[in-house]
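S.K.: pasting a predicted model and its sequence here:
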Amino acid sequence: MNPSDQRLFAIAKAMHQGYSVDRVWELTRIDKWFLTRLKRIVDFEINLKKYSVQTITTSAIWEAKKLGFSDRQVAKVLSTNELAIRKLRKEMGVTPFVKQIDTGNSFM
């Protein structure tokens, strides 16, 4: 795999096709820590396809949000629309929040 702006998509596709983290590392020499995180996202997306809008659980929605999935991405996997997922997510009490870390640095 040659470096390009499409490299990440090619790696995700390879993982969807069953390539292991070790095999992708052999081909790319990309840090295994990063590849492991990407594999977790790919694996979750594969598992998400087992659900429908009627059967998805609150914990699956929470996990999707923790992994960075947008409502649009979840909707695409579940073959529905973004508004339906947003409504469902809010009904389940899954709402976004931002944690702010005070680094103690002030510019005076």
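M.R.: Arrived safely. Please read these numbers as outputs of a predicted model, since none were measured by experiment. Residues are numbered from 1 along each chain as shown.
S.K.: any idea how far Ile30 is from the nearest residue to Thr36 once chain neighbours are set aside?
M.R.: Sequence neighbours aside, Val21 is the residue nearest to Thr36 in space, at 5.5 Å (criterion: CB to CB, 6 or more residues apart in numbering). In short, each C-beta sits where N, CA and C put it, glycine included. According to CB to CB, to the nearest Å, Val21 and Ile30 sit 10 Å apart.
S.K.: same question for Val53.
M.R.: For Val53 relative to Ile30 (CB to CB), the value is 35 Å.
S.K.: then Asp22?
M.R.: Asp22 is 12 Å from Ile30, by CB to CB.
S.K.: pick out whichever of the two has more residues nearby.
M.R.: Neighbours per residue, other CB atoms under 10 Å: of Asp22 and Ile30, the larger number sits with Ile30, 17 against 10.
S.K.: contact partners for the more buried one?
M.R.: Counting by CB atoms under 8 Å, 6 or more residues apart in numbering, Ile30 touches Ile11, Val24.
S.K.: which of the three states applies to it?
M.R.: coil (DSSP: H, G, I helix; E, B strand; the rest coil).
S.K.: give me the pLDDT for it.
M.R.: The model reports Ile30 with a pLDDT of 95.
S.K.: what's the burial count for Arg40?
M.R.: Counted with other CB under 10 Å, Arg40 comes out at 13.
S.K.: all numbers from here: first residue = 50
M.R.: New numbering, starting at 50: the last item is Arg89.
S.K.: neighbours of Ile148, how many?
M.R.: Just so we're on the same page, residue 148 is Lys rather than Ile. Residues near Lys148, counting by other CB under 10 Å, number 4.
S.K.: kindly provide the distance from it to Ala133.
M.R.: With distances taken as CB to CB, Lys148 is found 28 Å from Ala133.
S.K.: likewise for Ile95?
M.R.: Distance, Ile95 to Ala133, by CB to CB: 21 Å.
S.K.: go on, Arg72?
M.R.: Distance from Arg72 to Ala133, by CB to CB: 37 Å.
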